[in-house]
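J.: Quick check, what structure comes out for this input:
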Amino acid sequence: MYSTKEDKVSFILPSLFAFGRINSEKYPIELNSIGEYLASCRKYERIEIQPLIIQTEETEESLERGWIFSPRIGYSLVASYQGLYEIRLRDPDFDASNLTDALHGMMAVLGGPPSEELFVIPVAENSIPPSRIISLDEAVKFYRDMLPHASAARDDNDSIFRGRWGRTPDFDAALWQLVANVIGDEELVYASLFLRVAVEKYSFSGDEVEDVILRHEEVPSRILKAIDVENGIHNAYKIVEAIYGGTLPSDWRKVARCLAEQGIDTAELAGYTMHGIFRREPILEKIKRLKHARDDRAAHGRIHENRRNTYYELMDYQELVRNLLIKRIQTKYPGTLNLSE
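T.: Coordinates of the predicted model:
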């Protein structure tokens, strides 16, 4: 744990780049906006974040191509590989590991793909120049200095500060708003990290959803894949338990009452209806099915061929628990964005 009070430490988050590529010819603005962008700062209860730029051979080209203004969050970069933040901890007793846990979990809530494990690099606050533009060599030095042994550094450590997966400025705004709310909230961080694991091996989007529905009886052909599907279902069930606050009782009326207190109406209908193959059913009935799938298959060792879960079951339960988690976040933190839109 680093103390901002004693050590004047802030952190660089090098591996989250939440800026999508933008056609700057369509939205040209003057290059002097770079100063406004770098000076912008978002302040939350425990943290504040401020943009940085890593100077690489691509930076000059990006500056020549221009910037774009987002009314929602301010200036955002043209190229995803230049986007990163300095993070300052406003609470001197705050453990930085809570930050990365919250980031991983909330990325899963927003539907982002599981990424490489995020980490933060501690730096002395006076190490960041007034320009807020850091050379790639200096950034790599920050990274190597944090390691107990230089030999532990990656051979390609400069790639840490280059391209990663990109998202739009709206995703970036939603992510940090969520993270700022749930940092230190064990219930929601645990639940969201269970979601991250539940979608780690299989995550469905776009045309994949329709394909899985049309082939809803398909099961994994290999034991390894069957285990991955069942582990996903097992972790999906853990999300329900985390929201409920423990092991679900056999009294389903008690489950419904408790979840209602958490902001979840278990009578609400949920589920996929595409092509008319399935019908929507009450959330409570889906939770019962999830519990049965977890108890009957995922928790009892050896699996016979005719007892493997289908890909559709996994997808259906992933979507169920993600929506339960969103409802819980919105109830607990009413100012949070409407993530279901």
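
J.: got the residue ranges for the helices in this structure?
T.: All helices of the chain, identified by DSSP state H, fall at 4-7, 33-39, 57-65, 96-109, 136-145, 169-182, 186-198, 207-214, 223-244, 252-261, 283-293, 311-332.

J.: In the fifth one, which residues are buried?
T.: For helix 136-145, the neighbour count (16 or more other Cβ atoms under 10 Å) marks 138-140, 142-143 as buried. Any C-beta I mention is one placed from the backbone N, CA and C, and that applies to glycine too.

J.: what about the residue lying closest to R279 once chain neighbours are set aside, neighbour count?
T.: Distance criterion Cβ to Cβ, 6 or more residues apart in numbering; nearest residue to R279, sequence neighbours excluded, is T273 at 6.4 Å. Neighbours of T273 under the rule other Cβ atoms under 10 Å: 11.

J.: quick one: T273 and R222, what's the gap?
T.: Going from T273 to R222 by Cβ to Cβ, to the nearest Å gives 31 Å.

J.: And for T266?
T.: Distance check for T266 against R222: by Cβ to Cβ, it reads 36 Å.

J.: Which one's more surrounded, the two?
T.: Each of T266 and R222 has its neighbours counted (other Cβ under 10 Å); T266 has more, 21 against 9.

J.: Can you redo the buried residues of helix 136-145 as a markdown table, where the extra columns are distance to V197?
T.: Listed next are those as a markdown table, based on distance: Cβ to Cβ, whole Å:
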| residue | distance to V197 |
| --- | --- |
| E138 | 36 |
| A139 | 30 |
| V140 | 31 |
| F142 | 30 |
| Y143 | 27 |
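
J.: got any ranges where the stretch 1-150 of the chain has weak pLDDT?
T.: Confidence mapping of the stretch 1-150 of the chain against pLDDT under 70 gives the ranges 1-9, 14-37, 56-83, 113-116, 148-150.

J.: now the strands for it?
T.: Secondary structure of the stretch 1-150 of the chain (DSSP state E, counting those that start in this stretch): strands at 9-13, 42-43, 47-55, 68-70, 74-76, 84-89, 121-124, 133-135.

J.: Those: which one's closest to A108?
T.: Across the strands of the stretch 1-150 of the chain, A108 has its closest neighbour in strand 9-13 (17.0 Å, Cβ to Cβ).

J.: Convert that closest one to CSV, retaining C-alpha atoms only.
T.: C-alpha atoms of strand 9-13 as CSV (Å, rounded to 0.1, in the frame of the first residue of the first chain):
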residue,chain,number,x,y,z
VAL,A,9,3.1,9.0,-4.7
SER,A,10,0.7,9.0,-7.6
PHE,A,11,0.1,6.3,-10.2
ILE,A,12,0.2,5.8,-13.9
LEU,A,13,-2.2,3.3,-15.4
